[in-house]
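Student: No letters, just coordinates:
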């Protein structure tokens, strides 16, 4: 019997952001996340899938919780709606706030993979549930 491999990752682009967003997950405020499809393609990573169980790491790389992806969709940045923005649990939970914060995030990271932020860029939008919180 082979052991099932579980993907592990942390949120954001810094240890501080990883811990900040993880705290939102652990408090129950954050039940969704998104990433640029281009980033997955550049790194040859598989896109998340519904039903997949994953381990979320803290900013030091320590496993913090186990989640299950409950819904996965590819959506253009400009078509993300207020419901998804609120599920991300960040800032004031508004769509306007989400757009501002995520545009800044993508403008920081995408040049490293030869891409530029665009309102027409495809995002993988994932809703999840927490299955277990580790000590």
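Tutor: Alright, I've got the coordinates. What you see is a predicted model; the values in this text were computed from it and never measured.
Student: List the contacts of the closest residue in space to residue 97 that isn't next to it in sequence.
Tutor: Spatially, and ignoring its direct neighbours in sequence, residue 97 is nearest to residue 91 (4.0 Å; C-beta to C-beta, 6 or more residues apart in numbering). In short, each C-beta sits where N, CA and C put it, glycine included. The contact partners of residue 91, by C-beta atoms under 8 Å, 6 or more residues apart in numbering, come to 97-98, 100-101.
Student: tell me the secondary structure for residue 107?
Tutor: helix (DSSP: H, G, I helix; E, B strand; the rest coil).
Student: Check the burial of it by counting its neighbours.
Tutor: Residue 107 is flanked by 11 other residues according to other C-beta atoms under 10 Å.
Student: in this protein, which strand has the most residues?
Tutor: Identified as the longest strand of the chain according to DSSP state E is strand 63-76.
Student: is it fair to say residue 18 lies in a helix?
Tutor: Yes - under three-state DSSP, residue 18 sits within a helix.
Student: That one - how many residues pack around it?
Tutor: 21.
Student: same deal with residue 114?
Tutor: 8.
Student: Start the count at 43 instead of 1 going forward.
Tutor: Fine by me, first position is 43 from now on; the one you just mentioned is residue 156.
Student: do you know how far it is from residue 84?
Tutor: Going from residue 156 to residue 84 by C-beta to C-beta, to the nearest Å gives 8 Å.
Student: How about residues contacting the lowest-mean-pLDDT helix or strand in the chain?
Tutor: Lowest on mean pLDDT, DSSP states H and E among the helices and strands of the chain sits strand 49-51, with a mean of 94. The contact list for strand 49-51 (C-beta under 8 Å, 6+ apart) reads 94, 96-99, 105.
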